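Peer 1: have a look at this prediction, sequence included:
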Amino acid sequence: MASSKGPNQKIRYRTCLRNTIYDALRNRAGWTETENDVDWDFVWADIPWMKEHFDSLRLEENQRVNHFRNHYELTRKDLMVKNLKRMKRQLEKEGKTSEASKYDFFPVTFILPNDYNIFVEEFKRQPNSTWIAKPIGKAQGRGIFLFNDLKDLREWKKANEQRNTQQYGKKEEEVEAYIAQRYIENPYLIGGKKFDLRIYALVTSYAPLTVWLYRSGFARFSNMRFSMLKDNLGDVAIHLTNVAIQKQAANYDKDQGCKWELKSMKLFLISKHGLEAANNLMHDIQMLILRSLLAVQKVMMNDKHCFELYGYDVMIDNDLKAWLIEVNASPSLTADTSQDYQLKVGMLDDMCDVVDMEKKLTGSENQVGGFDLIYNNGPVQKVRPVGNSNLPPLALAAKASHAVKTESSLRLYRQ
Ligand SMILES: Nc1ncnc2c1ncn2[C@@H]1O[C@H](COP(=O)(O)OP(=O)(O)OP(=O)(O)O)[C@@H](O)[C@H]1O
């Protein structure tokens, strides 16, 4: 029977994870854990749970799950690129050429083995460029390699096919797909080191599209100085900034980790390039997140029981251009340091406030904790940042509510 929760009723949650999400849920007043398979209000599921259970569920009015049914349209590397390319073509067809031209925030990408021949043509056009090959369904840097010689790719292709067909008994058409993506050879470096940004976006509905962006986030640094020397191409610790890879490096400092909070990054950029350039970059990041969501809006199966917390991986190059690398449906919620822990638990607590199981929100809120509503069936208008009056609001890298408790206030977009 359909039911809706009032402010004084207990919210029964389930999760098999035992990291920051568990702590965030346990700390919420009035929330209680349940092991019951059916009788729950809120499930924080992993992807295997979705595959196994979601289709057999008949969800009650009050129940919420943290994934959309076909989340992989955005979070699988090949499908993300396919959807972004399709959106660009669609906009061109509709004559919206200016908007179409803005879909230039993902590196040129081919899906292998299907696009192998067109990839080879592209490769030959610029024979000295470097490419990165990534398996479509793996994470934490597994299976990734760089190459700038077609011979390396051919050898890999052969070995991959043999491994899949002989070792795993797969048919030729089942061989694991990879993407080959143009490698960003001029990453923005700090202290000579490469980094990427992890930014959180929360979608509470795809119809209408409703997007909340978290103000905080972090940069993940490599421990090694960046180099494009051919001899170093095989060194994943130089080229891949995944924490799982960096933790293996000999000079990894487990107390410090390899992360910087987003606001420190923005302060650094302001000091180097000025407020306007830093604001423009944050604005570009916000817009690429939004455009990627608009690109999948029509294919995503909307369901009022579902929401999704995406972990966006974004790189910046030396010209301060932002590049979308990947979107994660299950961003890591384990914490490496106490600062990391504070950020994640705080963000997840704010996320629960937005999802609003307790029905406390009025529906007119534009900010809940560290989350800013940036799109609600259209861009959300807010106070415009001083000195940037021609830009939409900039939520990123302003202070998150939880950070206020420990750190001085930094509403960067108002500086
Ligand atoms: N096109 C690119 N140019 C430069 N560096 C890249 C590119 N693509 C990926 N990288 C680097 O490789 C790392 C891993 O890439 P990616 O996030 O796509 O793979 P993953 O194994 O799925 O990682 P995750 O664990 O974050 O899901 C990135 O964090 C980035 O440092």
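Peer 2: It's in. Numbers count the residues shown, from 1 in each chain.

Peer 1: show me how the record splits the protein into domains.
Peer 2: 1-106+188-415, 108-183 (automatic domain parsing).

Peer 1: for stretch 198-207, give the mean pLDDT please.
Peer 2: Average pLDDT, stretch 198-207: 98.

Peer 1: contact partners of it?
Peer 2: By Cβ atoms under 8 Å, 6 or more residues apart in numbering, the residues outside stretch 198-207 that reach it are 68, 209-214, 217-220, 262, 285, 289, 293, 296-297, 300, 302, 304, 307-314, 331, 347, 351, 354-355, 371, 396. In this view, the C-beta of every residue, glycine as well, is placed from N, C-alpha and C.

Peer 1: now with 7 Å, please.
Peer 2: 68, 210-214, 217-218, 220, 285, 289, 293, 297, 300, 302, 307-314, 331, 347, 351, 354-355, 371, 396 (Cβ atoms under 7 Å, 6 or more residues apart in numbering).

Peer 1: now do stretch 16-24
Peer 2: 15, 44, 46, 333, 334, 335, 341, 344, 345, 348, 349, 352.

Peer 1: neighbours of the closest residue to residue 107 other than its chain neighbours, how many?
Peer 2: Leaving aside its chain neighbours, residue 107 sits nearest to residue 182 (4.3 Å; criterion: Cβ to Cβ, 6 or more residues apart in numbering). Residue 182 has 18 neighbours, counted by other Cβ atoms under 10 Å.

Peer 1: for the residue of the stretch 301-415 of the chain found nearest the ligand, give me its contacts.
Peer 2: Nearest residue of the stretch 301-415 of the chain to the ligand (Cβ to the nearest ligand atom) works out as residue 326 at 4.0 Å. For residue 326, the contacting residues are 77, 313, by Cβ under 7 Å, 6+ apart.

Peer 1: over to the one 4 residues further on?
Peer 2: With contact set as Cβ under 7 Å, 6+ apart, residue 330 has these partners: 46, 47.

Peer 1: any idea how far the longest strand seen in the chain is from the middle of the chain?
Peer 2: Ranked by number of residues, the top strand in the chain under DSSP state E is strand 209-225. With Cα atoms, centre = their mean, to the nearest Å as the basis, strand 209-225 stands 8 Å off its chain's centre.

Peer 1: low-scoring stretches of the stretch 51-200 of the chain, by residue?
Peer 2: 166-175 (pLDDT under 70).

Peer 1: please apply the same query to the stretch 251-400 of the chain.
Peer 2: 255-257, 381-400.

Peer 1: who in the stretch 1-150 of the chain is up against the ligand?
Peer 2: 107, 132, 134, 138, 139, 140, 141, 142, 144 (Cβ under 6 Å from any ligand atom).

Peer 1: so the closest residue in space to the fifth one that isn't next to it in sequence bridges to which residues?
Peer 2: Nearest residue to residue 139 in three dimensions, chain neighbours excluded: residue 328, at 7.3 Å (Cβ to Cβ, 6+ apart). With DSSP bridges as the criterion, residue 328 is bridged to residue 311.
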